[in-house]
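# coords please:
(one chain, ligands or ions: 1)
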Amino acid sequence: MTFIGMTAAVHSLDLPGTEVIPIYEGFHGYIYGSLAEANTADLDLVRARLGSGPLRVLDLCCGMGRFARALAAEGHTVTAVDLSADMIAQAEEMWRPLAADAPGEVVFEAADATALEPGEPFDAVLIGGLSVNTFDASGRRALLEAARSYLRPGGTLLFDHFPAPEKAGDPAYHTFPFPGEDGSAFTVLSVFQTPEEGTQITNMYSEIIDAEGATRRFLSSETVTYTDAEELRAELERSGLRVVEELDTTPPAESGSSVAPRSVLVRCEAV
Ligand SMILES: C[S@@+](CC[C@H](N)C(=O)[O-])C[C@H]1O[C@@H](n2cnc3c(N)ncnc32)[C@H](O)[C@@H]1O
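Sure, this is the predicted structure:
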């Protein structure tokens, strides 16, 4: 794990009540998942491409299940998989009150997306929320090969990813306060672009302060790997996936931001 800037300083203090935790588990799994849940623009893009059900859809790296719920609302039958048991537990909790009235179905599973048991092939595989970038280059190749193996011929793979920025922007810090009845909490999310390494580092630092002022602290770090368009196309081709659409989904640049993050949605057909 790599800690930079303010998080490196806090990490080095080794204060009592401080835990280093994986970014998709425990308190940070909850925070990260909640932030991802607020994103709806990509849901519309995915819904538009898969249409109304019933298709058999596999949602890989599903997080708290926002795609799975949206696709079940369209009548699809979804298997949603995430490595983090904490994410799956929260996804199941969010799905439970909706299940009875949904036209489609969701089954959640805590498992490694690259190593699912072979079963009946899916009509579509989705890898959303820029999850592809959370894999390093060899992990990404394994993920794409696995995604193809889960599809029927002619089936659809949909995923989004982000290439390296032209040059590193300034470190970005985002602060999220969570006032509560029995105390309060905050999270600072820091993003450090390191395109010369082909990576970007995200640090998360949170404090949970109870009514008596006792503080628990959490630190997490994640290194994501930028994609290279040519490499990616070659990997897809080798895996038996033909690109049929590439859509620039970069959000409009915020005023004052030095480098706007770029993102691309890719639709492939299993050959
Ligand atoms: C960036 S989040 C995206 C979550 C969700 N798709 C969304 O858009 O809200 C990436 C997710 O991938 C999961 N993940 C990472 N490696 C995985 C693996 N090998 N197999 C399954 N899930 C994995 C993480 O636990 C995390 O929930």
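
# in its sheet, what does the helix or strand hosting Thr223 sit against?
Assignment of secondary structure by DSSP states H and E places Thr223 within strand 215-225. According to DSSP bridges, strand 215-225 forms sheet pairs with strand 18-20 (parallel), strand 199-210 (antiparallel).

# quick one: closest of those to the ligand.
Between the ligand and the strands paired with strand 215-225, the shortest gap by C-beta to the nearest ligand atom is with strand 199-210, which sits at 9.8 Å. To be clear about C-beta, it is placed using only N, CA and C from the backbone, and glycine gets the same treatment.

# buried residues in the closest one?
For strand 199-210, the buried set under the neighbour-count rule, 16 or more other C-beta atoms under 10 Å, comprises 199-209.

# what does stretch 2-16 give?
By 16+ other C-beta under 10 Å, the buried positions in stretch 2-16 come out as 3-4, 7, 10-11.

# may I ask which two of the residues you listed are separated the most?
The largest separation in the buried residues of stretch 2-16, counting by C-beta to C-beta, is between Ile4 and Val10 at 11.2 Å.

# what is the neighbour count of Ser52?
Using other C-beta atoms under 10 Å, Ser52 has 13 other residues around it.

# same question, Leu219
Neighbour count for Leu219, taken as other C-beta under 10 Å: 20.

# right, and it touches Thr18 too?
Yes: with contact defined as C-beta atoms under 8 Å, Leu219 reaches Thr18; the gap is 6.6 Å.

# shared neighbours of those two, which are they?
10-11 (C-beta atoms under 8 Å, 6 or more residues apart in numbering).

# just the buried residues of stretch 17-36, please?
Neighbour-count burial for stretch 17-36 flags 18, 21, 23-33, 36 (criterion: 16+ other C-beta under 10 Å).

# ok, which of the residues you listed also contact the ligand?
Contacts with the ligand are made by 24, 36 out of the buried residues of stretch 17-36, judged by C-beta under 6 Å from any ligand atom.

# just the buried residues of stretch 17-36: which are in strands?
Among the buried residues of stretch 17-36, DSSP state E puts Thr18 in strands.

# kindly reformat the buried residues of stretch 17-36 as CSV containing pLDDT.
Formatted as CSV, the buried residues of stretch 17-36 follow (pLDDT from 0 to 100):
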residue, pLDDT
Thr18, 95
Ile21, 96
Ile23, 95
Tyr24, 95
Glu25, 94
Gly26, 93
Phe27, 92
His28, 94
Gly29, 92
Tyr30, 91
Ile31, 91
Tyr32, 89
Gly33, 88
Ala36, 88
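
# circling back: could I get the buried residues of strand 199-210 as a markdown table with pLDDT and distance to the ligand?
As requested, those are exported to a markdown table (pLDDT from 0 to 100; distance: C-beta to the nearest ligand atom, whole Å):
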| residue | pLDDT | distance to the ligand |
| --- | --- | --- |
| Thr199 | 95 | 15 |
| Gln200 | 94 | 12 |
| Ile201 | 96 | 14 |
| Thr202 | 94 | 10 |
| Asn203 | 96 | 15 |
| Met204 | 96 | 13 |
| Tyr205 | 96 | 18 |
| Ser206 | 95 | 17 |
| Glu207 | 94 | 23 |
| Ile208 | 93 | 21 |
| Ile209 | 92 | 27 |
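
# contacts for the strand holding Thr223, please.
With contacts defined as C-beta under 8 Å, 6+ apart, strand 215-225 is touched by 1-3, 7, 10-11, 15, 17-23, 26-28, 130, 133-137, 140, 198-209.

# next: stretch 121-134.
Contacts of stretch 121-134 from elsewhere in the structure, counted by C-beta under 8 Å, 6+ apart, are 36, 39, 42, 46, 50, 55-61, 63, 67, 71, 79, 113, 140, 143, 147, 150-152, 155-162, 200, 222, 224-227, 263.

# look up which helix or strand the closest residue to the ligand within the stretch 1-150 of the chain falls in, please.
Of all residues in the stretch 1-150 of the chain, Gly129 sits closest to the ligand, at 1.9 Å by C-beta to the nearest ligand atom. According to DSSP H and E, Gly129 maps onto no helix or strand at all.

# which residues does the residue of the chain most remote from its centre contact?
Distance from the C-alpha centroid of the chain peaks at Glu212, with 35.4 Å (C-alpha atoms, centre = their mean). With contact taken as C-beta under 8 Å, 6+ apart, Glu212 is in contact with no other residue.
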